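Chemist: Dropping a prediction and its sequence here:
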Amino acid sequence: MAEEEFDYIVVGAGSAGCVLASRLSEDPATRVLLLEAGPSDNSPWIHLPIGYGKTMWSPVYNWRFETDPDPNMNGRRIYWPRGKTLGGSSSINGLIYIRGQREDYDHWAALGNTGWSYEELLPYFIRSEGNQRGNFPLHGGDGPLKVSDIGTEHELIEAFIAGAGQIGVPRTDDFNGAKQEGAGYFQLNTHKGFRVSTAKAYLTRAVKARSNLRIATEAFAAGIVMEGRRAVGIRYRQGGQMKTARCRGEVLLSAGAIQSPQLLQLSGIGPRALLEARGVPVVHDLPGVGENLQDHLQIRLGYECTKPITTNDQLNTWFGQAKLGAEWLFHRTGALAIGINQGGCFMRALKDEHGQPVAKTPDIQFHVATLSADMAGGKVHPYSGFTMSICQLRPEARGHVRIRTTDPFEPPEMQPNYLSTELDRATTVAGVKAARAIADAPAMRPYVKREVKPGPDVKSDADLLEFCRNNGATIFHPSGTCSMGTGNDAVLDARLRVHGISGLRVIDCSAMPTLVSGNTNAPVVAMAEKAVDMIREEARSPERFRRQQPTRAFITTPETETSR
């Protein structure tokens, strides 16, 4: 087939790719191709917030990856869902809008990534955000990514917030404000009862109608077309045929922390020893490609509730289901409009020998769901149940993603190495103990009939650690496998360009040098917004790489403690 030529080719229509395609195609003189391996986001389960339980296992809209056996998790393979449709993982995630901590981004800048401090990235969070509360300090009300309050209080979540207060964690109404620490309700990427994925936010009907933007679904990227050390196109499979698209400007990889490094390695960009062992001709020896893998390990504690006030109770009867449907249909409220997790908490769980917090900022995040199941997205239990899950925010563990063969359609090796450091083990166990402390607080005791998991027989730290090894799962935040930085292991420079290669950037979670302290969707959207400014700047003036802020007014915040 004849090759087509574009100014920019975006690989992956996920949290970053939709932003890039939408923003870059705002210029009618710029021709953009957006490639997505999955289908269009036509399923109603994508757009209904509680549909998370369906898409979590869908072979159509989910890659359904599995890690390699992890020796630190007693040899278990961990299920890793990743979105495979327009919107990517933002079309199947838990909808929670969290940015992370100021200190996360200041740490990136301290590592030599100029332009990535919190103050410098904040305007991009604000530009992208369309908060239902409007424009208020640190927040935007006009951006495409809609952010909504849950809207109604829940008796169980109120008890959790009060219980957290009784162990020293204050109530908060904004996890994305000047200080993250606290317990409260999450804000969600929803609008009028529907999910707002990045496809919904950025690929509107008007955007899709642009003559200079082509969106190709069910188009599986198989490799980068290289001329020497310059990326000039993408090979992809669509409709059973291999095709090639060429690029006058830049190839932008936004395929995620698993598939972006896989594409680089398949294209001869990566660790020489790995490429040679797999029979891939080496284009550029770049040792960090696929290394530095980080993820948040989720530990879920399940409880039976004393009162029939949980989502389990609603889902387990025809009357309850009908009531849920009516709430959503007539008011766009209720569990169908919220999804899974309503409340949460950020706290400092790990203590030293004097009982003082080790970290200066929260090291544990809670997700609290008014339902319970054997695993995320599973069938709810037949009893009144709720779940408290915890994850360590800044794990030390580092894993890798490595191709197994030259076949682009075979998933790569994925080894997270969860719980492989003493700090990770100690912090995770401390998080489980903190969850138990909240469950045992006076405000929560009237609601706890029994602890189902881990259960009363799991008492010692050693027993708790073994429970974590046997039951821990991903909370869906793999990152870091094409990290930006200045060291020998860095893959990208601070402008997200691949070291040693021209015409090629990586813009997704894999670019993070360290994992942010919270959910990853909002940070990736902000990263893509910033990348667009950098790309445009260089297109206008290729020899000048000065920093540039977005047009929205710059907002500063009070200084806070550092956590490192």
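Modeler: Thanks, I have the structure now.
Chemist: Setting the sequence-adjacent residues aside, check what's closest to residue 408.
Modeler: Spatial nearest neighbour of residue 408, chain neighbours left out: residue 222 (4.1 Å); criterion: Cβ to Cβ, 6 or more residues apart in numbering. Backbone N, C-alpha and C define where each C-beta goes, glycine included.
Chemist: Now do residue 2, the pLDDT please.
Modeler: Confidence at residue 2, expressed as pLDDT, is 52.
Chemist: Which of the residues in stretch 23-30 are classified as buried?
Modeler: Residues of stretch 23-30 classed as buried: 23, 24, 25, 30 (neighbour count, 16 or more other Cβ atoms under 10 Å).
Chemist: Next: stretch 521-540.
Modeler: Of the residues in stretch 521-540, 521-538 count as buried by neighbour count, 16+ other Cβ under 10 Å.
Chemist: Stretch 481-501: how far from the chain's middle?
Modeler: Distance of stretch 481-501 from the chain centroid (Cα atoms, centre = their mean, to the nearest Å) equals 20 Å.
Chemist: Output it as PDB, restricted to C-alpha atoms.
Modeler: The C-alpha trace of stretch 481-501 is given here as PDB (Å, rounded to 0.1, in the frame of the first residue of the first chain):
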ATOM      1  CA  THR A 481      10.400   2.300  32.000                       C
ATOM      2  CA  CYS A 482      11.600   5.100  29.700                       C
ATOM      3  CA  SER A 483      12.600   7.600  32.400                       C
ATOM      4  CA  MET A 484      13.800  11.100  31.700                       C
ATOM      5  CA  GLY A 485      17.000  12.200  33.300                       C
ATOM      6  CA  THR A 486      20.700  12.900  32.800                       C
ATOM      7  CA  GLY A 487      22.400   9.700  34.000                       C
ATOM      8  CA  ASN A 488      23.600   6.800  32.100                       C
ATOM      9  CA  ASP A 489      20.400   4.900  32.700                       C
ATOM     10  CA  ALA A 490      18.100   7.700  31.500                       C
ATOM     11  CA  VAL A 491      16.200   7.200  28.300                       C
ATOM     12  CA  LEU A 492      14.800  10.700  27.700                       C
ATOM     13  CA  ASP A 493      16.000  14.200  28.200                       C
ATOM     14  CA  ALA A 494      13.900  16.800  30.000                       C
ATOM     15  CA  ARG A 495      12.000  17.500  26.800                       C
ATOM     16  CA  LEU A 496      11.000  13.900  26.500                       C
ATOM     17  CA  ARG A 497      13.200  13.300  23.500                       C
ATOM     18  CA  VAL A 498      14.900   9.900  23.300                       C
ATOM     19  CA  HIS A 499      18.600  10.300  24.000                       C
ATOM     20  CA  GLY A 500      20.700   9.700  20.900                       C
ATOM     21  CA  ILE A 501      17.700   9.600  18.500                       C
END
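Chemist: The chain should start at 26 in everything you say after this.
Modeler: Shifting the count to begin at 26 puts that one at stretch 506-526.
Chemist: which of the residues in it are buried?
Modeler: Residues of stretch 506-526 classed as buried by neighbour count (16+ other Cβ under 10 Å): 506-510, 515-524, 526.
Chemist: Closest to residue 461 out of these?
Modeler: Sorting those by distance to residue 461 puts residue 506 at the head of the list, at 34.1 Å, by Cβ to Cβ.
Chemist: Out of the buried residues of stretch 506-526, which two sit at the greatest distance?
Modeler: 506 and 520 (18.4 Å).
Chemist: what about the residue nearest to residue 433, is that helix, strand or coil?
Modeler: Following DSSP: H, G, I helix; E, B strand; the rest coil, we place residue 247 in the strand state.
Chemist: neighbours around it, how many?
Modeler: By the criterion of other Cβ atoms under 10 Å, residue 247 has 19 neighbours.
Chemist: about what we covered before: just the ones of the buried residues of stretch 546-565 in helices?
Modeler: 546-563 (DSSP state H).
Chemist: how far is stretch 217-236 from where the chain is centred?
Modeler: 19 Å.
Chemist: Please apply the same query to stretch 364-382.
Modeler: With Cα atoms, centre = their mean as the basis, stretch 364-382 stands 20 Å off its chain's centre.
Chemist: Okay, strands next: where are they in the stretch 226-375 of the chain?
Modeler: For the stretch 226-375 of the chain, applying DSSP state E, counting those that start in this stretch gives strands covering 238-241, 244-252, 255-263, 266-278, 294-295, 309-310, 322-330, 366-372.
Chemist: Please identify which of those strands is closest to residue 218.
Modeler: Judged by Cβ to Cβ, the one of the strands of the stretch 226-375 of the chain that comes nearest to residue 218 is strand 366-372, at 14.8 Å.
Chemist: partner strands of the next helix or strand after the closest one, parallel or antiparallel?
Modeler: Note on strand 366-372: by DSSP states H and E, the next helix or strand toward the C-terminus is strand 389-394. Under the criterion DSSP bridges, strand 389-394 sits next to strand 366-372 (antiparallel), strand 410-417 (antiparallel) in its sheet.
Chemist: neighbours around residue 481, how many?
Modeler: 7.
Chemist: Quick check: it is in a helix.
Modeler: No - counting by three-state DSSP, residue 481 is located in no helix; its state is coil.
Chemist: got the contact list for it?
Modeler: For residue 481, the contact set (Cβ atoms under 8 Å, 6 or more residues apart in numbering) comprises residue 475.
Chemist: again with residue 66
Modeler: Neighbours of residue 66 in contact, by Cβ under 8 Å, 6+ apart: 72, 86, 110, 111, 112, 116, 222, 224, 225.
Chemist: need those in a markdown table with neighbour count, can you?
Modeler: Below are the contacts of residue 66 laid out as a markdown table (neighbours: other Cβ atoms under 10 Å):
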| residue | neighbour count |
| --- | --- |
| 72 | 18 |
| 86 | 27 |
| 110 | 29 |
| 111 | 29 |
| 112 | 30 |
| 116 | 30 |
| 222 | 30 |
| 224 | 30 |
| 225 | 23 |
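Chemist: Can you flag which of the residues you listed belong to helices?
Modeler: Mapping the contacts of residue 66 onto helices (DSSP H) picks out 72, 224, 225.
Chemist: thinking the last one is in contact with residue 112, fair?
Modeler: Yes - taking contact to mean Cβ atoms under 8 Å, the distance of 6.8 Å between residue 225 and residue 112 places them in contact.
Chemist: Neighbours of residue 77, how many?
Modeler: When neighbours are counted by other Cβ under 10 Å, residue 77 comes out with 22.
Chemist: Contacts for the host helix or strand of it next, please.
Modeler: Here residue 77, judged by DSSP H and E, is contained in helix 77-80. The contact list for helix 77-80 (Cβ under 8 Å, 6+ apart) reads 68, 70-71, 86-87, 108, 116-120, 364-365, 402-403.
Chemist: Who are the packing partners of whatever helix or strand comes next after it?
Modeler: Beyond helix 77-80 on the C-terminal side, the first helix or strand identified by DSSP H and E is strand 90-91. Strand 90-91 is packed against strand 104-105, with contacts defined by 3 or more Cβ pairs under 8 Å, 6 or more residues apart in numbering; DSSP states H and E.
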